[in-house]
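**Q** quick check, what structure comes out for this input:
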Amino acid sequence: MREIIRHTVSGIDGKMKLGDYLRRNMHLSVSLIKRVKYGGITVGGETVTVRREVALGDEIVISEPERESENVVPMDIPLTVLFEDEWILAVDKPVNMPTHPSRGNHLPTLANAVAAYIGSPFVFRAVNRLDRDTSGIVLIAKNQHASARLSRALARGEFEKRYLARLERAPRDLSGIIDAPIARKCPDNIKRIVTPGGREAVTEYKILKVWDGGALAELKPITGRTHQLRVHMAYIGSPLYADFLYGERVEGETYFLRCHYLSFPHPMDDKKIEIFANTDNILRQSDRTASWFLFVKHF
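**A** Numbering: from 1, shown residues only. Sure thing, here's the model as predicted:
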């Protein structure tokens with residue numbers, strides 16, 4: 001068993017059944033309580049069931065069975081850690097690295113690097129995922145409880161993500177909101193399109209810099225559709241530079257899209273966490289020119 005929560009009972013008068021306290025005061029999911037209620041919960045060092053009564057000051061320790069992560073082999077790959085505590089890990093994913101293993105992919109992934117960093121046994125629980133050629137912040141939950149709480153917060157719109165993107169050209173309006181539904185172009189094609197029958201998709205954008213032949217934008221997705229930022233910027237006539245799928249292919253280059261800011265409620269106490277990814281190392285992550293590097297660095 002692996003300890004995931006250590007908590008001192010507070011905020012109650014008299015006694016309360018443990019199961020009720022876990023749900024009402026600690027906001028644990030029923031599925032997690034069911035998973036650990038036999039042999040995985042102790043109060044004052046004694047193994048108990050959820051029928052046990054707890055009182056003010058009692059120490060609750062919750063553990064879950066250790067599981068090996070499927071298909072994630074630890075690999076000694078450099079990993080930039082932006083934030084870490086006992087619940088979560090935030091890292092800076094580089095360009096040309098998939099977030100996790102997938103069929104047909106033979107590249108080392110972020111999951112392989114994180115598995116080596118955390119050690120075995122390990123279950124890779126990425127709360128947000130980035131495409132292979134998108135760099136920046138990826139948040140990983142270290143246990144099932146943190147994963148469930150963060151996934152619910154993400155579904156409720158309590159995450160804020162901001163991206164930097166290099167565009168082929170600036171749009172007519174230098175800031176705005178794109179509200180245009182997105183769907184898969186056809187069932188066997190990864191490409192997405194804006195279409196009335198698609199799922200709701202909303203993006204806020206702001207142009208930070210404009211120069212001959214390009215622009216730098218900050219993009220804020222309100223919804224989280226596949227390829228949303230790339231599709232939306234192409235839709236308003238400002239595709240990402242070198243975007244082979246939604247813009248013009250540039251030989252030897254790929255698009256620049258970087259998640260540089262992430263905020264979310266902490267899974268234990270709901271305190272707002274803000275994480276920033278450094279933009280000074282952009283040149284080392286992709287084949288950008290020195291002038292582009294300096295331009296981005298001083299935006």
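
**Q** what residue, apart from its backbone neighbours, is nearest residue 89 spatially?
**A** residue 140 (4.5 Å; CB to CB, 6 or more residues apart in numbering). Heads up, the C-betas are built off the backbone N, CA and C, glycines and all.

**Q** scratch that, residue 222
**A** residue 202 (3.9 Å).

**Q** and stretch 246-254, average pLDDT?
**A** The pLDDT scores in stretch 246-254 average 93.

**Q** same deal with stretch 60-73?
**A** On average, stretch 60-73 scores 67.

**Q** ok, stretch 271-278 next?
**A** 95.

**Q** what does it rub up against?
**A** 82-83, 88, 90, 92, 135-137, 139, 258-266 (CB atoms under 8 Å, 6 or more residues apart in numbering).

**Q** swap the cut-off to 7 Å and go again
**A** For stretch 271-278, contacts defined as CB atoms under 7 Å, 6 or more residues apart in numbering pick out 82-83, 90, 92, 136-137, 259-266.

**Q** so what's residue 229 up against?
**A** 163, 165, 203, 219, 221, 257.

**Q** so which of those comes closest to residue 102?
**A** Lowest distance from residue 102 to the contacts of residue 229 (CB to CB) belongs to residue 257, with 19.3 Å.

**Q** the residue nearest to residue 222 pairs with what?
**A** residue 179 (DSSP bridges).

**Q** for it, grab the count of nearby residues.
**A** 16 (other CB atoms under 10 Å).

**Q** and it, how far is that from residue 177?
**A** Residue 202 is 7 Å from residue 177, where distance means CB to CB, to the nearest Å.

**Q** same thing with residue 10?
**A** From residue 10 over to residue 177 (counting by CB to CB), the distance is 43 Å.

**Q** the longest helix in the protein is where?
**A** Taking DSSP state H as the criterion, the chain has its longest helix at helix 144-155.

**Q** mind listing what's buried in whichever helix or strand comes after it?
**A** Note on helix 144-155: by DSSP states H and E, the next helix or strand toward the C-terminus is strand 160-167. Neighbour counts using 16 or more other CB atoms under 10 Å place 161-167 of strand 160-167 among the buried residues.

**Q** who touches strand 160-167?
**A** With CB under 7 Å, 6+ apart, strand 160-167 has contacts from 214-221, 229, 233, 238-241, 256-263, 279.

**Q** now that strand, how far from the centre of its chain.
**A** Once both centres are worked out by CA atoms, centre = their mean, to the nearest Å, strand 160-167 turns out to sit 14 Å from its chain's centre.

**Q** what do you get for stretch 145-157?
**A** Taking CA atoms, centre = their mean, one finds the center of stretch 145-157 at 11 Å from the center of the full chain.

**Q** thank you, goodbye.
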